[in-house]
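> 3D, please:
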Amino acid sequence: MSAEGHAGYHSHWKKYLYVFILLTVLTVAEVIAAESNWAYTLKAVSLSVMAIGKAVAVAYWYMHLDEDTAWMKFIAAVPISAAIYACVVILEGLYR
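The predicted structure follows:
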């Protein structure tokens, strides 16, 4: 490949390392929360929030939404908001 093909390329390795560390910390926190003696509702809410956080992090950084236009971010936010809504409905059902 010629030198012109690499002109617009920039490395993402630092960002990927930071996201990897974030996802590792969230995974360890999920394991700790799952094995804890917390009340069922607290455990369910904390695990749901951490799972949504991991999904948002993967979508935002690994799918490069941080470099996309506002319209593409909006399109990606629709399924994420549907997942959040589904989690809220499930958690609401726990209180009935």
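
> which one's the longest helix in this protein?
helix 70-94 (DSSP state H).

> neighbouring contacts of that helix?
Tyr40, Thr41, Ala44, Val45, Ser48, Ile52, Ala55, Val56, Ala59, Met63, Leu65, Asp68 (Cβ atoms under 8 Å, 6 or more residues apart in numbering). Every C-beta, even on glycine, is put in place using the N, C-alpha and C of the backbone.

> I'd like the average pLDDT over it.
Within the predicted structure, the mean pLDDT of helix 70-94 is 81.

> please apply the same query to stretch 12-32.
91.

> before we move on, the earlier item: from the contacts of helix 70-94, list the buried ones, please.
Ala44, Val45, Ser48, Val56, Ala59, Leu65 (16 or more other Cβ atoms under 10 Å).

> distance of Pro79 relative to Leu42?
Taking Cβ to Cβ, to the nearest Å as the criterion, Pro79 is separated from Leu42 by 27 Å.

> in stretch 83-96, what's buried?
For stretch 83-96, by 16+ other Cβ under 10 Å, it's Ile84, Cys87.

> cool, and stretch 29-44?
Buried, per 16+ other Cβ under 10 Å, within stretch 29-44: Glu30, Ala33, Ala44.

> what about the second one, which helix or strand?
Same thing as Ala33. In this structure, Ala33 sits in helix 13-34 according to DSSP states H and E.

> so what does whatever helix or strand comes next after that helix touch, helix or strand wise?
Note on helix 13-34: by DSSP H and E, the next helix or strand toward the C-terminus is helix 40-57. Applying 3 or more Cβ pairs under 8 Å, 6 or more residues apart in numbering; DSSP states H and E, we find helix 40-57 packed against helix 13-34, helix 70-94.

> surely Tyr62 meets Leu22?
No: counting by Cβ atoms under 8 Å, Tyr62 stays clear of Leu22, with 11.5 Å between them.

> distance of the nearest residue to Ala51 once chain neighbours are set aside from Ile80?
In space, not counting the residues next to it along the chain, Ala51 is nearest to Glu30; the distance is 7.3 Å by Cβ to Cβ, 6 or more residues apart in numbering. Distance, Glu30 to Ile80, by Cβ to Cβ: 18 Å.
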